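> using only what follows, build the 3D model:
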Amino acid sequence: FFRELLENAEKSLNDMFVRTYGMLYMQNSEVFQDLFTELKRYYTGGNVNLEEMLNDFWARLLERMFQLINPQYHFSEDYLECVSKYTDQLKPFGDVPRKLKIQITRSFIAARTFVQGLTVGREVANRVSKVIENVLTF
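The predicted structure follows:
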């Protein structure tokens, strides 16, 4: 169910951004695709630091937007990296990154823990079933 929600969120976000920003979004959509890839990887048990991954997402998004807003200039990678280092001070996205980080972290930790608990529960039930089956066959 959670994977389905994640897939629907990705599709809805993509559809809305395509309608709103068209080619501009499509040329830069990998920033969002990478975000959802990492969220899915975390959910399925991958070794992903959610806070670090979300910080990277906002930094990449800022770099892209900075370039798009200033097309008359060419910025070096060092310059863009410098800009992204000051994201916390500049707050180009307001309080959205902080709020989103809290919401995503809470929901993904809970969902992943729940799924891992279900997996362990299934394994325990299978083992108990085999033990009972072995006892009954004696």
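
> who does the lowest-mean-pLDDT helix or strand in the chain touch, helix- and strand-wise?
Lowest by mean pLDDT, DSSP states H and E among the helices and strands of the chain is helix 87-90, with a mean of 83. Helices and strands touching helix 87-90, as assessed by 3 or more CB pairs under 8 Å, 6 or more residues apart in numbering; DSSP states H and E, comprise helix 50-69. To be clear about C-beta, it is placed using only N, CA and C from the backbone, and glycine gets the same treatment.

> which element follows the helix it packs on toward the C-terminus?
Next in sequence after helix 50-69, counting helices and strands by DSSP states H and E, comes helix 77-85.

> in that next one, what counts as buried?
The neighbour-count check on helix 77-85 (16 or more other CB atoms under 10 Å) flags Leu80, Val83, Ser84 as buried.

> and the least confident helix or strand of the chain, which residues are buried?
In helix 87-90, counting by 16+ other CB under 10 Å, buried: Thr87.

> just to revisit the earlier point, now the buried residues of helix 77-85 as a markdown table including distance to Leu39 and pLDDT?
As requested, the buried residues of helix 77-85 are exported to a markdown table (distance: CB to CB, whole Å; pLDDT from 0 to 100):
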| residue | distance to Leu39 | pLDDT |
| --- | --- | --- |
| Leu80 | 24 | 90 |
| Val83 | 25 | 87 |
| Ser84 | 20 | 86 |
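
> follow-up on the earlier one: what does the least confident helix or strand of the chain contact?
Identification of contacts with helix 87-90 by CB atoms under 8 Å, 6 or more residues apart in numbering yields Asn55, Trp58, Ala59, Leu62, Val83, Pro97.

> cool, stretch 20-39 as well?
By CB under 8 Å, 6+ apart, stretch 20-39 touches 6, 9-10, 13-14, 17-18, 48, 53, 57, 60-61, 64, 68, 104, 108.
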